[in-house]
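Undergrad: Return atomic coordinates for the entry below.
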Amino acid sequence: MKTSRRTFIKTSAIATAGLSVMGQAACTANAAEVNHTVAVQLYCVRVDMKADPLGSLTKLAKMGYTHVEHANYVDHKFYGWTPAEFKKVLDDLGLKMPAGHTVLGKNHWNETASDFTDAWKKTVEDAAYMGQQFVVSPWLDENLRKTYDDLMRFLEVFNKCGELCRKSGMQFGYHNHDFEFSATLNDEKVFDLMMKNTDPDKVVMQLDMGNMYIAGALAKEVIGQYPGRYGTIHVKDMIKTDGEGHGGFESTILGQGLVGSKEVTDLAKSSGTTLFVIEQESYQGKTPMECMEENLRVMKSWGY
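TA: Take a look at the predicted model:
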């Protein structure tokens, strides 16, 4: 996601070579026949959602979206609505919310009690009430990855969160940016350390194929390196920009960029991914809603 999202995420947080892909596909029971879901990350239309959340959700539903992923859970409310209110809004529009983004931070873990805070337990409880399959943390604060030992300690919190979410029939996930593929600790990439030190039965990765491209990492290679770890991915495409911000890249309409988004999406599906979340944060002169409508058309043309 863009630098502006990082600021958004931090603010919200304060406020509240293994098996080959082909081998994994063979191990996945008829992966081609596994049901899949297309959703839209509501951060894509963040300005619209801030100005008129009900109207924005109504527009998305009329476009043909049936699933959304939230990016705003503050003071135990979704976009200003209580869970009960938000669930009614979604139900009335025929929308479901299989996933949501809420940062899991150091402030959510009580080291003395070796337990999560009541605030985080409420976050998980509300996610379960909304019918989520995935509770996704979309950021890892720098103070949690200053050293190898810092990271190892918090990855164990990730595993414990997986246990907590599983009690409510959900999975805990982490959504990458670009630093996971560029930053290293003990001569290993942060992403590799995360994959090797989280339990696959407890923690899934929501692979953002666009964010990682900024760091020079290719999603199709990473899916092959760690097959079967991605219950959900962010479907995104990237183009080069004239500016230096965000590594000189920005997101664009699916299929119009450099990522090879259809190939990656198909590969993820073949290795077991079931939730595909459309995300675009820059719009090249179009409105966010126009882009979301076009992205949904693209996904449908790909057979999703």
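Undergrad: Can you show me the helices along the stretch 101-250 of the chain?
TA: Along the stretch 101-250 of the chain, the segments classed as helices by DSSP state H, counting those that start in this stretch run 118-129, 148-166, 179-182, 190-196, 209-214, 219-225.
Undergrad: what does the shortest one contact?
TA: The set of residues external to helix 179-182 that reach it, using Cβ atoms under 8 Å, 6 or more residues apart in numbering, is 140, 189, 190, 191, 194, 212, 215, 216, 217. No exception for glycine: its C-beta is placed from N, CA and C like everyone else's.
Undergrad: so is residue 39 in a helix, a strand, or just coil?
TA: Of the three states, residue 39 takes strand under DSSP: H, G, I helix; E, B strand; the rest coil.
Undergrad: these two touch, right, residue 213 and residue 222?
TA: No - counting by Cβ atoms under 8 Å, residue 213 stays clear of residue 222, with 10.8 Å between them.
Undergrad: Compare those two (neighbour count), which wins?
TA: For residue 213 and residue 222, the more surrounded residue by other Cβ atoms under 10 Å is residue 213, and the numbers stand at 25 against 22.
Undergrad: what about that one, distance to residue 192?
TA: As judged by Cβ to Cβ, to the nearest Å, residue 213 and residue 192 stand 17 Å apart.
Undergrad: so where's the stretch 101-250 of the chain shaky on pLDDT?
TA: For the stretch 101-250 of the chain, the stretches with pLDDT under 70 are 245.
Undergrad: quick one: buried residues of stretch 232-246?
TA: 232, 233, 234, 235, 236, 237, 238, 239, 246 (16 or more other Cβ atoms under 10 Å).
Undergrad: would you turn those residues into JSON lines with distance to residue 292?
TA: Shown next, in JSON lines, are these (distance: Cβ to Cβ, whole Å):
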{"residue": "232", "distance to residue 292": "18"}
{"residue": "233", "distance to residue 292": "17"}
{"residue": "234", "distance to residue 292": "14"}
{"residue": "235", "distance to residue 292": "12"}
{"residue": "236", "distance to residue 292": "13"}
{"residue": "237", "distance to residue 292": "14"}
{"residue": "238", "distance to residue 292": "17"}
{"residue": "239", "distance to residue 292": "17"}
{"residue": "246", "distance to residue 292": "20"}
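Undergrad: Just flag the most distant two among those.
TA: Using Cβ to Cβ, these span at most 23.9 Å, a distance reached by 232 and 239.
Undergrad: Which positions in stretch 290-303 come out as buried?
TA: 291, 292, 293, 294, 295, 296, 298, 299, 302.
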